[in-house]
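Fold the following for me, if possible:
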Amino acid sequence: MRTTKHGGPRSWRRHGRTAGIPLVPAVVGLLACLAAAALLPTGGAGAARSAAAPVAGVTSISPAGPESPVAAPAATTAAAASAQPPASTPSSASSGAAPATSPSGSPRPVAAASAAGRIRPAVGYQGVATAYEAGDGNGACLFGPSADLMIAAMNHTDYESARACGAYVLVRAANGSSVTVRIVNECPLPCAPGQLDLSRQAFAELADPKVGRLPITWTLLSPAVVDTVSIRYKTGSSRYWCGVQVIGHRNPVASLEVRTASGWRQLPRTDYNYFLAADGNGCGGSIRVTDIYGEQLTVDGIAIQPDVAQATRVQFARH
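Residues are numbered from 1 along each chain as shown. Sure, this is the predicted structure:
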């Protein structure tokens, strides 16, 4: 049992008589002062305001005993939350940045903070760029060959089980050069958080590939695209088992659901960038895709045609 040691009462000492003041008038004056103090209110306007409205950024808590847990103030809670690892090391330019807004000036949906995963909108990250031979542009995301080789492989940590697949990233070098790439591949360990393995073609836009390793900063983009989203069922899919993939999305995909007899069912995401219905429930039905900003696209009429990219008429909004 924890005990608290209390100090003894403070001893008030008399420092002798006050020169020139008789004892009786002094006592009378003291009593008058005490009576006047009793008539004053116990707190001024500031005290009343403090009791009525807590200061912004401070969490009100109820009194607790010596052994009772006390809730942390809001500032402490926020600091603890920010201590969790970000997608990579944020650049100094992002420190103290204002909340992200949409083109209309309104705040972006809160969903962007929770659904984005490690790579978040309106946050700058820093790392190093390396280069690899991209071949036909296919990679771990299984999008297939690409005519546009402005592509990159995301490091294993920020790849986050294919969550980064399809994301557009603006990469900047210290020399002022920049390039926009689409994430189509994974750079396995020991690729460090923040590292991007660019196609040689993309790396050449920043520096001579002979450099090998190049310090960079990068940010997530929501670019202008002309195509609509496509849906593809994985090879071997049927109404008993299926994998569903989203292609050509402007913003990173946060989740995918299929319509079942009991309602919408969210499918787990694999690290090869397909959402899997291992028991077939929902395969061939309506599909609902949600991006990191919380926007949902519902697609009907997509038949189970394995390994065929079926175009839709929808696309996520630009942010």
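
isn't Asp148 right up against Gly137?
Yes: the pair Asp148 / Gly137 is scored as a contact, 7.2 Å apart, by CB atoms under 8 Å. C-beta here means a position set from N, CA and C on the backbone, and glycine is covered the same way.

Which one of the two is surrounded by more residues?
Shown here are Asp148 and Gly137; by other CB atoms under 10 Å, Gly137 has more neighbours (19 against 12).

show me what contacts that one?
Taking CB atoms under 8 Å, 6 or more residues apart in numbering as the criterion, Gly137 is in contact with 143, 145-149, 151, 184, 199.

again, but for Val181
Contacts of Val181 (CB under 8 Å, 6+ apart): 150-152, 168-169, 171, 196, 198-199, 202.

switch the cut-off to 10 Å
129, 148-154, 167-171, 196, 198-199, 201-203, 205, 218, 221 (CB atoms under 10 Å, 6 or more residues apart in numbering).

re the thing from before, next, show the common contact partners of Asp148 and Gly137.
With CB under 10 Å, 6+ apart as the test, Asp148 and Gly137 both reach 182, 184, 199, 201.

follow-up on the earlier one: out of the contacts of Gly137, which comes closest to Ser230?
Of all these, Ser230 sits closest to Phe143, with 10.0 Å by CB to CB.

could you redo the contacts of Gly137 as a markdown table and give each row secondary structure, pLDDT and distance to Gly176?
What follows is the contacts of Gly137, written out as a markdown table (DSSP: H, G, I helix; E, B strand; the rest coil; pLDDT from 0 to 100; distance: CB to CB, whole Å):
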| residue | secondary structure | pLDDT | distance to Gly176 |
| --- | --- | --- | --- |
| Phe143 | coil | 98 | 30 |
| Pro145 | coil | 97 | 32 |
| Ser146 | coil | 93 | 27 |
| Ala147 | coil | 93 | 28 |
| Asp148 | coil | 95 | 23 |
| Leu149 | coil | 98 | 22 |
| Ile151 | strand | 98 | 22 |
| Val184 | strand | 98 | 26 |
| Ser199 | strand | 98 | 21 |
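
For ChimeraX, write the select line for the buried members of the residues you listed.
Those of the contacts of Gly137 that count as buried under 16 or more other CB atoms under 10 Å are selected in ChimeraX with:
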select :143,146,149,151,184,199
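
okay, the contacts of Gly137 in a markdown table with distance to Val314 next?
Below are the contacts of Gly137 laid out as a markdown table (distance: CB to CB, whole Å):
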| residue | distance to Val314 |
| --- | --- |
| Phe143 | 18 |
| Pro145 | 24 |
| Ser146 | 22 |
| Ala147 | 23 |
| Asp148 | 22 |
| Leu149 | 27 |
| Ile151 | 24 |
| Val184 | 22 |
| Ser199 | 29 |
